[in-house]
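Asker: what follows is a predicted structure for the sequence shown.
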Amino acid sequence: MNGNTRVLIVDDSAVVRKLIGDALRKEPGIEVVGGAADPYVARDLILQHKPDVITLDIEMPRMDGLTFLKKLMAYHPIPVIIVSSVTQSGSAASVEALRSGAIDVIAKPGGPHSVGFVTERIIRAVRGLRSSPVVRIRPAVPPPPEQTPASAPALMGRRASGLIVVGASTGGTQAIETVLTRMPADTPPILIVQHMPANFTRAFAERLNQVCPMRVVEATHNQAAERGTAYIAPGDYHMEVVRFGIQLKLVLNQGAPAHHQRPAVDNLFVSAARLTSMPIVALILTGMGADGADGMVALRKAGAATIAEDEQSCVVFGMPKEAIARGGAQHIATLLGMPRLVFDCFEHLGARNVA
């Protein structure tokens, strides 16, 4: 983005509009072009000011934010950051918004004590968009087909043993769904860190569980990692994997954020790199920043197969680019090419480690 990044704030709460606006106006390179109490006012302001980024509430009068977002993505795509309540309905709608083209979701302030944290996240997201050379805005995703995607049956006969670890951020909800829906039900355990606030990750896991061949759950502390199940790290908790005898278990903690994130991809990847004599395939998907790059390097040094998402399919080619630059990526693939490559990697790892 050249010049100032122009931001439009869309929220029915005048208090929230003021809090976000005041925080953004203090930041060099960011210009708040207006605030809208509902999508109809927002539409007029978009045409008038042509903002680079929109912050959007979900629950609003006259037209809800999700309906507005889908119209926006169809006719006038703009990077949209969802700022939503953490109610059950708000979380589910926010996950649907991410599937429909929103690039990030941030929990709305729950009280005066959380305002600073929330506005800091919004500022960081806007700065990240400003520093990203390319941000691909995807239109609304059509409802999934009734049948499993064609590539999944092609992998049904291929069985692998080991562990799959996945890290993603901006644009990751769509990317993860694209990959998982094309994997067979009987996969090795899949451990996933997606940068997302607390309470939203449960809605994300529930959504994936409805459309993916394998079971998808939000991870719990000390849970055993089992075949045929994908585990989403809960928001505000790091997730690591450890070996207990012949079992793999998930350990959750609230240690210091890494790369401003909790959960952080690096925490998961570095813990997986400590596992010995186990075939591991790691995926780093779309996202801003460098989280996961050091972990990919550690995994590759430990003998794991590492795959970075190709720039062609990334919403933001940040995290994969950094992993590639540091030498952590053994392979580069688009989202559609990843499922087959994952099983090719397991076959190679199995052949290499035959006793």
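Answerer: Sure thing, it's come through. Everything numeric here is computed off the predicted structure, so don't read it as measured data.

Asker: how about the helices in the protein?
Answerer: 14-25, 39-49, 65-75, 88-99, 115-131, 151-155, 172-180, 200-211, 265-273, 293-301, 319-325, 338-352 (DSSP state H).

Asker: just want the angle from the fifth one to helix 14-25.
Answerer: Interaxial angle, helix 115-131 versus helix 14-25 (axes from the mean of the first three to the mean of the last three Cα atoms, to 10 degrees): 50 degrees.

Asker: per-domain residue ranges of the protein.
Answerer: Using automatic domain parsing, the domains assigned to the chain come out as 5-131, 151-352.

Asker: and the shortest one, end to end?
Answerer: Start-to-end span of domain 5-131 (Cα to Cα, to the nearest Å) is 10 Å.

Asker: where's that domain relative to the chain centroid, distance-wise?
Answerer: 18 Å (Cα atoms, centre = their mean, to the nearest Å).

Asker: tell me the mean pLDDT for it?
Answerer: The average pLDDT for domain 5-131 rounds to 89.

Asker: renumber starting at 18 from here on
Answerer: Shifting the count to begin at 18 puts that one at domain 22-148.

Asker: start and end of stretch 52-60, how far apart?
Answerer: End to end - Cα to Cα - stretch 52-60 spans 11 Å.

Asker: returning to that earlier point: quick one: closest of the helices of the chain to Ile349.
Answerer: Closest approach to Ile349 among the helices of the chain (Cβ to Cβ): helix 336-342, 6.7 Å. Just so you know, the C-beta spots here come from the backbone N, C-alpha and C atoms, and that holds for glycine as well.

Asker: packing partners of the closest one?
Answerer: Judged by 3 or more Cβ pairs under 8 Å, 6 or more residues apart in numbering; DSSP states H and E, helix 336-342 is in contact with strand 297-301, helix 310-318, strand 322-326.

Asker: quick one, which of those is packed in tightest?
Answerer: strand 297-301 (a mean of 29; mean count of other Cβ atoms under 10 Å).

Asker: can you get me a residue count around Arg141?
Answerer: Neighbour count of Arg141, defined by other Cβ atoms under 10 Å: 16.

Asker: so who does it touch?
Answerer: Counting by Cβ atoms under 8 Å, 6 or more residues apart in numbering, Arg141 touches His277.

Asker: from Ala119, how far off is it?
Answerer: Using Cβ to Cβ, to the nearest Å, Arg141 is found at 16 Å from Ala119.
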